[in-house]
Structures are given as C-alpha cells and as structure tokens.
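> let's see this in three dimensions:
(2 chains)
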Amino acid sequence: MRTVATIVRKDLLLELRTLETVPTMGLFAIATFVIFHFGFNRPSIQGQLAAGVLTVTLLFAGMLGVNRLFVAEREQGGFDGFLLAPVDRTAMFVAKAASLLVFLIVLEVIAVPAFALLLLQPSVGRSLPGLVAVLALADVALAVIGTLVSAIAVQTRARDLIGPLLGLPLLIPALLATARAAGPLLAVHGSSAPPGKWMAILALYDLVFALLAYALFDYLLED
Amino acid sequence: MRPRILDDPPSTSSADTAPAAIELRGLTRHFGERTALQDVTIAVPTGATLAVLGRNGAGKSTLLRILATLLRPHAGEVTVLGEPLPRRGFAVRGRLGLLGHDPLLYRDLSGRENLRYHARLHGVSPDRVEELIVAVGMERRADEAVRLLSRGMTQRLAVCRAVLHQPELLLLDEPRAHLDPAAAVLAEPLIGAGAGVTRVLTSHDPRSALAEADLVLGLIDGRVAFAGSPQGFGDAELRELYG
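Presented below is the predicted three-dimensional model:
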C-alpha cells in the first residue's frame, strides 16, 4: 500500500504541476454537451437518451485521460525507475487505476453539473445519490480497463489510436449497464434508485476485469 | 570473431577471495533481426570495476540494461549478486543502481521531489535525500523543476538517484557525461572507485575508463573482442576496438 500511495501522490503532484489531463477531459465533456445542446435542436432531454449522452460523453472524455496515463512513465523513464525498485510490480497497476479514478471523479464534478445545466430536463437533486453510485461503478470499470489498455498502448507508436481501439470494445458492457442503470434516474418522475440488475452487472464486470487486469499487468511490464 | 583473453586480472585481495558479483556465460540478446550481444562470457569479482568499451552500438548499454534486470537475455546464463536472471530479478532489484543516458527523473517535479519519490520506493529515509543533495552541491537548485535545470545539474541528481539506496552494484553508462570538472569531483565519492562497490562502467573516453578498471571487456558488434586485465589493453587493442 505504501508503494501505491507513493505513486498516486506523484501522479497527482505531476497533474497539479502540468494540468495536462483533467482540464482537457473537463473541457472536452463541456464542449460535447454544448454540441449536443445545439445538435438536438430541443431545449432539454431526459430518461434513457439523457443517460446515453451523459455516459458516452464521460467515456470519451475518460479516454483522453487513459491515453495520457503512462506517458510520463514512458517518456521520462518512470517505468525504469519503478522497475529498478524492490517493489511489487502490480503496485503500479493499482496506483495508476487509483490515479485515473481520481481524475474521473474530478471530471464528473465538473461535467455532471454542466450536463444538468445544458441538457437535462428533470432536476438531478432527488436522484443524485443513485447517480453517484452508478457513476462510481462506471468509473471503476473505466479505471481498470483504461489502465490495462493504456499500459499496452503506451508501448506502441500509435498509442492515441490503440488505447480507444482496445478499450472501447471492452467497455461496451460497462457502457450498456451504466446507461441502463442511469436511465430511470434521469427520467421525469423517474426512480430515485438505480435498477438493481444493472448495478449488479456493473459490479460483477468491475470485479472480473479488476482481477483479470491485476493478473495480466505484471506481464505488460516485461520487456 | 574469437575473443582475445588478455592478461589475467591483477591480483587483489578482494578479487582473490570474493565471489563473483557478476557471471555471464554465453549471454546473447537480439532486437528483432539484429543481434545486440552474442555469446558474452565474463566474471566480475565483488568489489572490482569492469570497464566495457566499444563503439556506439557495440552493445554496452544493452549489457547494462540486462544486468539491471530491465532487459531479458535471450540465451546464456546471467548471475548478478548471486542471483540468476531473469528468474530471480526481484531479489536483485534494490541492490543495484543504474546511472544511464536517461536520468529517470520526472521533468515537472523538482529534484528533491524526484529523489524523495525514489527514496520512498526504495524504503530509504528522507535524510539520505538531503545528505545526497548536499553531497552533489545542489542545495540551492533542488526545489526547481528538473526541466529548468541544465543537463549537468540533472546528471548530478541522476547520480543521487542511482546511489540513493546504497547499492552493492553500480551500473554506470557514461556516468560523467555532462558533468563539469567540479561536479565530477563531487560525484567521485558516490560513483567513483572510492564508492567501494562493484562497478560496471562504460565511457567514450577509454583511457580514463581503463585507468579506473580492474577488468576490461571490449565489444565489437555485440561480440567480445577482448576480455581481461587493463594492463594488457594497449594502443593496438584500442585501435582495433575503435577503428
């Protein structure tokens, strides 16, 4: 845990210094909502459509963070520095997933109010706890898969292409479950709690891919 | 090419009695179609300094990265600090220090932040970081982002990073590159012969490398051209190695 905390602390410090990732993700999400606002040619959306727009926008904004996750490690010798230390290599996976999770949470603190302001018809207040729970599970899915594909993509020249190309198909089940779970929460007179079935699917997806990524990550650091 | 075995290494008490810190037998490594190292065999006693010489692309840096556990050998046996690689790499990491072409420092963090990060990874006290910053004369610039420092100052910090955890084996790839004479003097107790640890070093200045070596390994296109004592390594060998 000490190693994980050390790497997360370093990642957050680097992000605070450079502001390269989170502002880019936030601006992308807001720009996308503005485009949808004008593109739909209607004052607001609700229900499943709103859930789809929110989920897809957050996913694409998240992929920007995924693409940059290991860039400093690759370009500034961070991988070698880490590999020379007598620490468990999977600590890098856990730390990077945790850092990405923090970036995604900050993104949603910016993006969800912007979404409510620009596009959403019903007030999000009553369903906010349910929406937070859905987005939390979705964030774990994106953090786990994103870290795994980013570690693969960063070894290639076309990392900006490889990351989404590998990550998006893997994330389709999570995208589907997130949108279905969030739909009733964003409907006028909708439910205040997300559907249990989709939440369970999302949680199971998180668990399976977290274990899979944890087992595979060590091999990705081999030369 | 058959390697020439030069005179036996000079008899020193450490070389006579100490077990080998590094043993290579038939080490081979490829990068795709290209062979970077071919059938490299040598033993380095504990406490000795091995100078690895050769032109650019001869395989010197590849050899150092294999010893550092960062690259896997494709054939042959590699034993470092008594542990066979790559199988027991985890037992060696933390006991060796690598100072290579890349300083392994984050450009947007300060020197002190970088060193504290590496200190935490190695379980080293922050006091050691402060001690090293003073040792290389970086007290006044240690809180500046690395990207703002000159290459020489960055190299001083890289020296600190490499020796932070007091490694038993130092792998030094052009260690004095970018250091001015004053900085080289400051770095000497940390990475020089006085450091008192086993060292493997490469240098573009073969004469200075030979001056501090107990053993020399000459590489031509990844193959061993010469191996043995620096006393047997003269102008003819240098000409053959560097053309």
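> distance check, the closest residue to chain A within chain B against A:F82.
Per C-beta to the nearest C-beta, the residue of chain B with the smallest distance to chain A is B:G94, at 3.0 Å. Every C-beta, even on glycine, is put in place using the N, C-alpha and C of the backbone. Going from B:G94 to A:F82 by C-beta to C-beta, to the nearest Å gives 12 Å.
> same drill for these two, tell me which one is more crowded.
Between B:G94 and A:F82, A:F82 has the larger neighbour count (other C-beta atoms under 10 Å in any protein chain shown), namely 24 against 18.
> which one is the more buried one nearest to, not counting chain neighbours?
A:M92 (5.9 Å; C-beta to C-beta, 6 or more residues apart in numbering or on different chains).
> and that neighbour, that's in a helix?
Yes. Counting by DSSP: H, G, I helix; E, B strand; the rest coil, A:M92 is part of a helix.
> which pLDDT does the model give the nearest residue to B:P206 once chain neighbours are set aside?
Excluding the flanking residues, the one nearest B:P206 by C-beta to C-beta, 6+ apart is B:L53, at 5.0 Å. The score at B:L53 is 93. That number is its pLDDT.
> ok, now which ones touch B:L53?
Counting by C-beta atoms under 8 Å, 6 or more residues apart in numbering or on different chains, B:L53 touches B:60, B:202-203, B:206, B:209-210, B:216-219, B:241.
> okay, and which of the residues you listed map to strands?
Within the contacts of B:L53, residues falling in strands by DSSP state E are B:202, B:216-219.
> for PyMOL, write a command that selects the buried ones of the contacts of B:L53.
In PyMOL syntax, the buried subset of these is picked out as below (16 or more other C-beta atoms under 10 Å in any protein chain shown):
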select buried, chain B and resi 60+202+203+206+209+210+216+217+218+219+241
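> include pLDDT and distance to B:E144 when you put the contacts of B:L53 into TSV, please.
Listed next are those as TSV, based on pLDDT from 0 to 100; distance: C-beta to C-beta, whole Å:
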residue	pLDDT	distance to B:E144
B:K60	93	32
B:T202	92	29
B:S203	84	29
B:P206	86	35
B:A209	88	32
B:L210	89	37
B:V216	93	39
B:L217	93	38
B:G218	92	41
B:L219	92	38
B:L241	83	40
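> so which of the contacts of B:L53 comes closest to A:L176?
In terms of C-beta to C-beta, no member of these lies closer to A:L176 than B:K60, at 53.0 Å.
> pretty sure the closest one is touching B:L219, no?
Yes. Counting by C-beta atoms under 8 Å, B:L219 is a contact partner of B:K60 at 6.3 Å.
> overlap in contacts, these two.
The contact sets of B:K60 and B:L219 overlap at B:52-54 (C-beta under 8 Å, 6+ apart).
> CSV please, covering those and showing secondary structure.
Putting the shared contacts of B:K60 and B:L219 into CSV (three-state DSSP) gives the following:
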residue, secondary structure
B:V52, strand
B:L53, strand
B:G54, coil
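> from those, which is closest to B:V163?
B:V52 (19.5 Å).
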